[in-house]
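**Q** Here is my input, please return the structure:
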Amino acid sequence: MSSSAQKLIKKVFLHNYQKFIKAPQDERKKISDEIDRLNSKVSLARNKLLFEVIPMKNILK
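**A** Residues are numbered from 1 along each chain as shown. Presented below is the predicted three-dimensional model:
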């Protein structure tokens, strides 16, 4: 096999490998970002409740 053919095959395999691996990594990143965003909201709500910014009577209804 010629050198140029080997380079082309290597490039195609590398491209396909990266395409196959990138999708699950992107999905994990999206999920992780969503978890961080929700944790931030819960933390903010918890702090407001603890420091009575949100009155307890509103929570118990």
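**Q** can you give me the helices in the chain?
**A** Assigned by DSSP state H, the chain shows helices spanning 3-50, 56-60.
**Q** Residue 12 and residue 20, how far apart?
**A** Per CB to CB, to the nearest Å, residue 12 is found 13 Å from residue 20. To be clear about C-beta, it is placed using only N, CA and C from the backbone, and glycine gets the same treatment.
**Q** Any stretches of the chain with poor pLDDT?
**A** Scanning the chain for pLDDT under 70 picks out 56, 58-61.
**Q** let's see 50
**A** Judged by pLDDT under 50, the chain has no weakly predicted residues.
**Q** which of the helices of the chain sits most buried?
**A** Among those, helix 3-50 has the highest mean neighbour count (mean count of other CB atoms under 10 Å), at a mean of 10.
**Q** how far is that helix from where the chain is centred?
**A** With CA atoms, centre = their mean, to the nearest Å as the basis, helix 3-50 stands 6 Å off its chain's centre.
**Q** other SSEs contacting it?
**A** Helices and strands touching helix 3-50, as assessed by 3 or more CB pairs under 8 Å, 6 or more residues apart in numbering; DSSP states H and E, are absent.
**Q** go again using 10 Å as the cut-off
**A** helix 56-60 (3 or more CB pairs under 10 Å, 6 or more residues apart in numbering; DSSP states H and E).
**Q** What about residue 54, how many residues nearby?
**A** By other CB atoms under 10 Å, 14 other residues sit near residue 54.
**Q** how much space between the closest residue to it other than its chain neighbours and residue 11?
**A** Take residue 54 and drop its neighbours on the chain: the residue closest to it by CB to CB, 6 or more residues apart in numbering is residue 48, 4.8 Å away. Here residue 48 is placed at a distance of 55 Å from residue 11 (CB to CB).
**Q** Perfect, I'm done here.
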